[in-house]
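K.L.:
pasting the structure only:
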Ligand code: PMP
């Protein structure tokens, strides 16, 4: 079953595009991987630069300082935290405990591509539940659970559709699902939510021992390249995950960078505000261009390209030619859509201008 796996396709790196198309590196913008356009918190940068002096030594495999800081920040016990090499790592740890041939994992159609990949890699069955208005249909997902189901994945907000589940619906789902089934609530984009839209899911951990919440430093904290994510769960579940992880799964620069980034509240606020303004700029621009989009709660937005499927890839290629990298969504069963990450004001403008140009020439 390993040979049947379609490898995860990350956003095209700028260097590759520059080489392929012979473009000047200057002016090429990557809006393909939901990274932070502000870069990295200056506090984190300073701490990481200092920590470079110590890389001859192994990292602290227990992540003592970072876990203590996270415990204070989120009001959980240290024994409820699992650190990972990005949140993908903690997703994989959980999947490895629960999924094997004969078991199944339930996820929504158009959900994050790593979920089906994990199920497949572990020889488990992946059950993709048809989406509702591009988002999770929690009632249908509940009904899709079979006695073999060990894991349900829910991304909230979801990537690549940007949809958000209603908090009451989520709670109802958790109340109804058997506690033998692990519910993974992937909140990679939580920091981009307005307070009123946050589920406050961490308070649910006390009630649901089968709940696992995953978060990341890759998005609002601007540390995607250094790979730090974490999971919050019941201590028994966290203990299982800590047993099977690599002893040094988070590197020393990442530990220090994440710790400093967590303290840099100003930076996260700025990331949030930049994203809100950019989202408004891009949605206004798309509307003016008559382009349909899916309203998003993340730091990205997915829009529809008119015409047949080949038109979508043509639009993607034409944007590349103009030095704008976005993300095609074929693997997400969305061959008519492209996803663009919200950038800085000037980047958003460049994207909108390029798209306008493409639409003009293709009609
Ligand atoms: N979950 C979701 C929903 C995501 O979109 C991403 C990043 N694309 C991740 C998890 C993984 O992020 P990371 O491994 O960088 O923490």
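P.N.:
Noted; the coordinates are in hand. Bear in mind that the values here come from a model prediction, so they are computed numbers and not experimental data.
K.L.:
just after the helix or strand that contains residue 257, pick out the following helix or strand.
P.N.:
Element membership for residue 257 (DSSP states H and E) is helix 252-263. Beyond helix 252-263 on the C-terminal side, the first helix or strand identified by DSSP H and E is helix 265-288.
K.L.:
could you point out which element follows that next one?
P.N.:
For helix 265-288, the following helix or strand on the C-terminal side (DSSP H and E) is strand 293-294.
K.L.:
can you give me the buried ones in the next helix or strand after that next one?
P.N.:
With elements assigned by DSSP H and E, the helix or strand that comes after strand 293-294 is strand 300-304. Neighbour-count burial for strand 300-304, with 16 or more other Cβ atoms under 10 Å as criterion, is recorded at 300, 301, 302, 303. Just so you know, the C-beta spots here come from the backbone N, C-alpha and C atoms, and that holds for glycine as well.
K.L.:
ok, stretch 95-106 next?
P.N.:
In stretch 95-106, counting by 16+ other Cβ under 10 Å, buried: 95, 96, 97, 98, 99, 103, 104, 105, 106.
K.L.:
next, give me the two most distant ones among the residues you listed.
P.N.:
By the measure Cβ to Cβ, 96 and 106 form the most distant pair in the buried residues of stretch 95-106, at 17.3 Å.
K.L.:
residue 57: what's it in contact with?
P.N.:
Remark: with contacts taken as Cβ atoms under 8 Å, 6 or more residues apart in numbering, residue 57 is in contact with residue 252.
K.L.:
get me the contact residues on the stretch 101-250 of the chain for the ligand.
P.N.:
Near the ligand, the residues belonging to the stretch 101-250 of the chain are 112, 155, 159, 186, 188, 216, 218, 224, 229 when assessed by Cβ under 6 Å from any ligand atom.
K.L.:
hmm, residue 149 is touching residue 99, no?
P.N.:
No. In this structure, residue 149 sits apart from residue 99 without contact. The criterion is Cβ atoms under 8 Å, and the distance is 9.9 Å.
K.L.:
now for the two: what residues contact both?
P.N.:
A shared contact of residue 149 and residue 99, defined by Cβ under 8 Å, 6+ apart, is any residue touching both; here these are residue 105.
K.L.:
what's in contact with the least confident helix or strand in the chain by mean pLDDT?
P.N.:
When the helices and strands of the chain are scored by mean pLDDT, DSSP states H and E, helix 14-21 comes last with a mean of 80. Residues lying outside helix 14-21 but in contact with it, judged by Cβ under 8 Å, 6+ apart, are 23, 24, 25, 28, 30, 320, 321, 323, 325.
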